[in-house]
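# Structure of the sequence below:
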Amino acid sequence: MIKAQNIHKSFGSLEVLKGVSLNVSPAEVVSIVGPSGAGKTTLLQILGTLSPMDSGSLTINGEQIEGLNDKQLSDFRNRQIGFVFQFHNLLPEFSAVENVMMPALIARRDHKQAEREATELLKMMNLSQRASHKPSALSGGEQQRVAIVRALINRPALLLADEPSGNLDTKNRNEIHSLFFRLRDELGQTMLIVTHDEGLAAMADRKISMIDGKIL
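Numbers count the residues shown, from 1 in each chain. Below is the predicted model:
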């Protein structure tokens with residue numbers, strides 16, 4: 001699902017990624033751990049096509065990323081990649097179901113179909129009763145589950161998560177962790193998760209450690 005080879009990235013004179021290579025198989029959950037400043041988030045941003053690499057090659061779901069222009073990258077990202085961040089980034093003026101539908105509407109999918117799929121995904125997360133609620137009326141765990149559903153609405157090949165449970169209490173954190181593996185088992189979802197949570201990292205099919213811009 002991911003084939004990254006010899007990725008380099010610098011910000012000015014600071015070399016953040018120093019020749020990182022990584023392969024991830026379909027339906028595999030891979031965690032990335034390491035100290036702050038190791039390059040984890042920078043790598044995730046490059047794999048998510050949010051940030052360009054200085055050199056190297058990247059193929060996601062059989063499509064080579066280098067050479068795609070901004071519009072092509074945006075379309076690819078919308079179709080193929082879902083993102084979950086530490087903070088849910090839900091739009092406060094929209095309901096849960098409307099937030100979930102947003103990526104589908106950006107992809108110009110049929111409004112009725114997007115609404116049906118969003119409703120089904122919320123049901124899968126036991127959020128049917130909360131579909132019409134705005135984010136301010138949802139708990140932290142519910143908000144993050146809505147954010148995960150939003151990331152799934154376009155059936156992406158790849159789900160990227162950056163500290164997805166870092167802002168949650170123990171109960172909600174455990175529920176989110178279990179949810180990721182349900183997605184793998186029930187939907188065959190491929191996931192790459194950057195985390196400082198050793199419990200979540202250990203649950204993954206494979207744990208990768210980074211330090212000083214390199215994979216150990």
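
# mind listing the helices for this structure?
Listed in chain order, the helices of the chain (DSSP state H) span 40-47, 70-80, 96-106, 111-124, 140-152, 170-187, 198-203.

# Including mean pLDDT, distance to N61 and mean neighbour count, could these go into a markdown table?
Every residue, glycine included, has its C-beta placed from N, CA and C. Below are these laid out as a markdown table (pLDDT from 0 to 100; distance: least, CB to CB, whole Å; neighbours: other CB atoms under 10 Å):
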| stretch | mean pLDDT | distance to N61 | mean neighbour count |
| --- | --- | --- | --- |
| helix 40-47 | 92 | 12 | 22 |
| helix 70-80 | 87 | 6 | 14 |
| helix 96-106 | 90 | 17 | 21 |
| helix 111-124 | 88 | 20 | 16 |
| helix 140-152 | 86 | 15 | 23 |
| helix 170-187 | 80 | 15 | 15 |
| helix 198-203 | 85 | 24 | 16 |
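
# From the structure, what's the count of residues near the spatially closest residue to I46 that is not a sequence neighbour?
In this structure, I46 finds its nearest non-sequential neighbour in M53, 5.0 Å apart by CB to CB, 6 or more residues apart in numbering. Here the number of neighbours of M53 (other CB atoms under 10 Å) works out to 23.

# same check, this time on the one 4 residues further on
S57 sits with 14 neighbouring residues when counted by other CB under 10 Å.

# Just to check, it is in contact with L22?
No - look at S57 against L22 with CB atoms under 8 Å: they stay out of range, at 11.5 Å.

# Pull up the overlap in contacts between those two.
A4 (CB atoms under 8 Å, 6 or more residues apart in numbering).

# Check what pLDDT E163 gets.
pLDDT, E163: 83.

# right, and it touches H88 too?
No - E163 is beyond contact range of H88, at 11.9 Å (criterion: CB under 8 Å).

# Quick check: neighbours shared by these two?
Here E163 and H88 have no joint contacts, going by CB under 8 Å, 6+ apart.

# Return the backbone torsion pair for P92.
Note on P92: backbone dihedrals following degrees, to the nearest 10 are phi -70, psi -20.

# hmm, back to that, what's the closest of the helices of the chain to S31?
Nearest to S31, of all the helices of the chain, is helix 198-203, at 4.0 Å by CB to CB.

# Just give the closest residue to K40, not the sequence neighbours.
The shortest distance from K40 to any non-neighbouring residue, by CB to CB, 6+ apart, is to V194 (4.6 Å).

# Count residues in the vicinity of that neighbour, would you?
Counted with other CB under 10 Å, residues neighbouring V194 total 24.

# next one: the one 3 residues further on
Counted with other CB under 10 Å, the burial measure for D197 works out to 19 neighbours.

# Quick check: it touching N174?
No - counting by CB under 8 Å, N174 is not a contact partner of D197; they are 10.2 Å apart.

# what touches both of those two?
By CB under 8 Å, 6+ apart, no residue touches both D197 and N174.

# close enough to count as contact, I211 and P35?
Yes - contact criterion CB under 8 Å: I211 and P35 qualify, at 6.5 Å.

# Looking at those two, which has the bigger crowd around it?
Between I211 and P35, I211 has the larger neighbour count (other CB under 10 Å), namely 14 against 11.
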